[in-house]
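> Fold the following and give me the result.
(chains A and B)
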There are 2 protein chains.
Amino acid sequence: MPSTEHMLATVNAYVDAFDRGDAEAVRDLFAPDASVEDPAGTPPKVGHQAILDFYKMSMQTGAKLKLEGPVRCNADTAAFAFSVHLEQQGQPMRIDVIDLFKFADDGKVSSMIAYFGESNMHMGAQANA
Amino acid sequence: MPSTEHMLATVNAYVDAFDRGDAEAVRDLFAPDASVEDPAGTPPKVGHQAILDFYKMSMQTGAKLKLEGPVRCNADTAAFAFSVHLEQQGQPMRIDVIDLFKFADDGKVSSMIAYFGESNMHMGAQANA
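You can find the predicted model right below:
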């Protein structure tokens, strides 16, 4: 079972790597056979190559992540609320998301699920509200 | 598939009913065969009677819930961050939690999982930080 400290460090490393556009560093937080379901209900990206491709694409939007409140650590799972900030068609956009990271015994993330929907997407002035 | 509006209304009704100590109203938001896993990883409470007993016990602590940020609605699932406020041994206590509510087609909550751990429990001055 990974420690709470390890899970917290991994979530912070994830946000940092995402924000500096380092898709390889994000990939390396995941187990080789990990799955990424983002958003929940879509076909998961499975394995290091698919995960790398997904994050490279996501980072091309220039999106930055901001943790919103403390990471909830429970046994082998970290749950955390955050906001995604990007520009679309010259306008600010914010997406409010909650992620679940499940950890393998070796400390790598074995699965990630992202929860958000249309009601969590805000454009223009609303993005800064 | 329940609407986003329905899921938001259910989460708000849950918080309201909890805070006024109405365990029956909380129970009625759940499907008769629903499961409540609180915290994640513990044996789930299954069915209306077990859920009612669990919430009656939870409410006896005098705990109040405060939503922290927007509810994330994704397909049939609502994910939301909140804090639990109570007193223990005359001291304020705060627990930071993320809940997942999964909805059945009829709009009732079919499963609830609550994510938090020791690192999310704060006593005394830290509870108000």
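> Who are the contact partners of the most centrally placed residue in chain A?
Centroid-nearest residue in chain A, with C-alpha atoms, centre = their mean: residue A:99, separated by 6.2 Å. Counting by C-beta atoms under 8 Å, 6 or more residues apart in numbering or on different chains, residue A:99 touches A:79, A:80, A:82, A:112, A:113, A:114, A:115. Every residue, glycine included, has its C-beta placed from N, CA and C.
> what pairs with it across the strands?
residue A:80, residue A:114 (DSSP bridges).
> what about it, distance to residue A:58?
Residue A:99 sits 13 Å away from residue A:58, taking C-beta to C-beta, to the nearest Å as the criterion.
> Do I have it right that residue A:29 meets residue A:107?
No - taking C-beta atoms under 8 Å as the definition, residue A:29 is not a contact partner of residue A:107, at 9.2 Å.
> Contact residues of chain A facing chain B?
Residues of chain A lying close to chain B (C-beta under 8 Å from any C-beta of the partner chain) are A:4, A:8, A:39-41, A:68-70, A:72-77, A:79-81, A:96-98, A:100, A:115-120.
> Just the buried residues of those residues.
Neighbour-count burial (16 or more other C-beta atoms under 10 Å in any protein chain shown) is assigned, among the residues of chain A next to chain B, to A:4, A:8, A:39-40, A:68, A:70, A:72-77, A:79-81, A:96-98, A:100, A:115-117, A:119-120.
> Now go through those and say which are in helices.
A:4, A:8 (DSSP state H).
> Over to the residue nearest to residue A:88 when sequence neighbours are not counted: give its phi and psi.
Of all residues not flanking residue A:88 in the chain, residue A:123 sits nearest, at 7.0 Å (C-beta to C-beta, 6 or more residues apart in numbering or on different chains). Backbone geometry at residue A:123, expressed as degrees, to the nearest 10, gives phi -110, psi 150.
> Tell me what residue A:123 is bridged to.
residue A:93.
> Now do the contacts for it.
A:88, A:91, A:92, A:93.
> do the same with residue A:112
Counted by C-beta under 8 Å, 6+ apart, residue A:112 has contacts A:30, A:34, A:35, A:36, A:37, A:38, A:99, A:100, A:101, A:102.
> And those residues, which is closest to residue A:22?
residue A:30 (13.5 Å; C-beta to C-beta).
> burial count for that closest one?
25 (other C-beta atoms under 10 Å in any protein chain shown).
> then the helix or strand containing residue A:24 to PDB, C-alphas only?
Per DSSP states H and E, residue A:24 falls inside helix A:23-27. The C-alpha coordinates for helix A:23-27 follow below in PDB (Å, rounded to 0.1, in the frame of the first residue of the first chain):
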ATOM      1  CA  ALA A  23       4.200  14.500 -20.900                       C
ATOM      2  CA  GLU A  24       7.000  11.900 -20.400                       C
ATOM      3  CA  ALA A  25       7.100  12.800 -16.700                       C
ATOM      4  CA  VAL A  26       3.400  12.400 -16.400                       C
ATOM      5  CA  ARG A  27       3.500   9.000 -18.200                       C
END
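> tell me the mean pLDDT over it?
If you average the pLDDT over helix A:23-27, you get 98.
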